[in-house]
Each structure stands twice: as structure tokens, then as C-alpha cells.
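> kindly return the folded structure for what I paste below:
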Amino acid sequence: MAKKEKVRCAWCLKFDQYIQYHDEEWGVPVHDDQIHFEFLILEGAQAGLSWSTILKKREGYREAFANFDPQKVARFTDARLEKILLDPGIIRNRLKVYAAVNNAKRFLEIQKEFGSFDKYIWGFVNNKPIVNKWKSLAEAPATTKESDALSKDLIKRGFKFVGSTVIYAHMQACGLVNDHLVSCWRYKTVYKP
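All right, here's what the predicted structure looks like:
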């Protein structure tokens, strides 16, 4: 008898790395500040591009941005950023590269104020994932009142490339929102109350 293929969210079916990301990471609640910082850099880099483009360059970002250590990135000099801008392993957008250093500094300020970035960000969803019940990809919004509020607060704190759409993508990736389709095998497994 043939093994039944798992049903997945259709957006991830383009290539193996995408499927692996969907199956292992996307929507799983994150409580690690360094992973939150990684996704802030990656989601900011994605603005105006596809997630698949960023996912393919993830290792390049990991190398260029000190394994997403916000303390190290906050200390990057302009000379180091100019060198990073020559790296084909990342998206070589000057504003986005320089924003990563700015955002690292703002990230550290939030850690100091709240004890962790995790504690800060989860407060926008009352410390519990929002579990949606989408039957099709078309039902999932690009933004929500929660992503609007979080985006507005981050912008007020001086962050760059953190519009509501970017932040909603971060919330989906880091499990603050479960936007797996109800038909997807991951829907019931990414968050267990």
C-alpha cells in the first residue's frame, strides 16, 4: 500500500528547503531572543521580495550577521557594513543592511526594558498564540490589529523595515499566530495549549 503524502499549506510546495522550513519551523512558537532577532533581520530583508528568495540566502545572512547575535550586530561599523554590501550571499540593499544594525540597537533597548524581547513581543498576543482556522490561503490576512499595534510600537521605538505586513509575517513565522491551514498536518502540531 502506498504511503499517504502529508497535506501541507500550498505556499511551501515549490522546493525542498521551503517544505522543510514549513514542516520544522513556520508557526512554531519561538521564545528565544536570538531567533526573534534572526527573523526580524530576515523579514526586513524580505520587504518587497519573496520569502523563498530570503530562505535561499539564509546561510549567507547567518554568516554576514554574526549568526544573528544582536549584541555583535549592534557594534558593526560602517566599514563592516560596506563589506557586507559586497556579499552576494545576501540581498545587497543598503537601507536594509544598515537597518539591521539600527534594529539590533533598538532590540537591545527592548531587552533591557522588558528583560527579553520575547516577553515584549508576546505581550501583543496576550502571551498565547492566536490560532486561526483558515481553509484557504486567500483567507489569511496580510495584517491584523495585533500586527498593526506591534508595528506602530516598533516604529515608535526607532526600528526600520517593520511595517505591519513585515511584522505579521514575523508573527506567523515565530508562532505568535498559527496560520497553517486547518487541512495542513502542522495545524494541530505547532501549538499545544
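> where does pLDDT dip in the chain?
Filtered on pLDDT under 70, the chain yields the residue ranges 1-4, 192-193.
> now the strands for it?
Counting by DSSP state E, one finds strands in the chain at the ranges 130-131, 177-178.
> tell me which of the ones you listed sits most buried.
Neighbour counts averaged per stretch over the strands of the chain are highest for strand 177-178, at a mean of 24; criterion: mean count of other C-beta atoms under 10 Å. Any C-beta I mention is one placed from the backbone N, CA and C, and that applies to glycine too.
> for that one, packing partners?
The helices and strands touching strand 177-178, judged by 3 or more C-beta pairs under 8 Å, 6 or more residues apart in numbering; DSSP states H and E, are strand 130-131.
> between the strands of the chain, which one is nearest to residue 13?
Ranking those by their distance to residue 13 (criterion: C-beta to C-beta) puts strand 177-178 first, at 19.2 Å.
> sorry, back to before: so which of the strands of the chain is nearest residue 110?
Go through those one by one with C-beta to C-beta and the one that ends up closest to residue 110 is strand 177-178, at 19.9 Å.
> contact partners of that closest one?
27, 125, 129-132, 144, 146, 168, 171, 187, 190-191 (C-beta atoms under 8 Å, 6 or more residues apart in numbering).
> any chance of the residues you listed in TSV, with distance to residue 64 too?
As requested, the contacts of strand 177-178 are exported to TSV (distance: C-beta to C-beta, whole Å):
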residue	distance to residue 64
27	26
125	31
129	31
130	32
131	35
132	34
144	31
146	31
168	25
171	25
187	34
190	29
191	32
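> need the max-distance pair from these.
The largest separation in the contacts of strand 177-178, counting by C-beta to C-beta, is between 146 and 187 at 19.5 Å.
> how are the helices of the chain distributed by residue range?
Using DSSP state H, the helices assigned to the chain run over residues 16-24, 33-46, 51-56, 58-64, 70-74, 78-84, 94-114, 117-122, 145-156, 164-173.
> need those helices in a markdown table with distance to residue 136 and mean neighbour count, can you?
Formatted as a markdown table, the entries for these read as follows, by distance: least, C-beta to C-beta, whole Å; neighbours: other C-beta atoms under 10 Å:
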| stretch | distance to residue 136 | mean neighbour count |
| --- | --- | --- |
| helix 16-24 | 16 | 14 |
| helix 33-46 | 23 | 22 |
| helix 51-56 | 19 | 16 |
| helix 58-64 | 28 | 17 |
| helix 70-74 | 37 | 19 |
| helix 78-84 | 39 | 13 |
| helix 94-114 | 31 | 18 |
| helix 117-122 | 28 | 21 |
| helix 145-156 | 20 | 17 |
| helix 164-173 | 16 | 23 |
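> now distance to residue 7 too, for these, in CSV please.
Shown next, in CSV, are the helices of the chain (distance: least, C-beta to C-beta, whole Å):
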stretch, distance to residue 7
helix 16-24, 12
helix 33-46, 25
helix 51-56, 20
helix 58-64, 25
helix 70-74, 37
helix 78-84, 40
helix 94-114, 35
helix 117-122, 29
helix 145-156, 27
helix 164-173, 19
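> how about those, which one is nearest residue 179?
Distances from residue 179 to each of the helices of the chain were compared using C-beta to C-beta; the shortest belongs to helix 164-173, at 4.9 Å.
> this completes my enquiry, with thanks.
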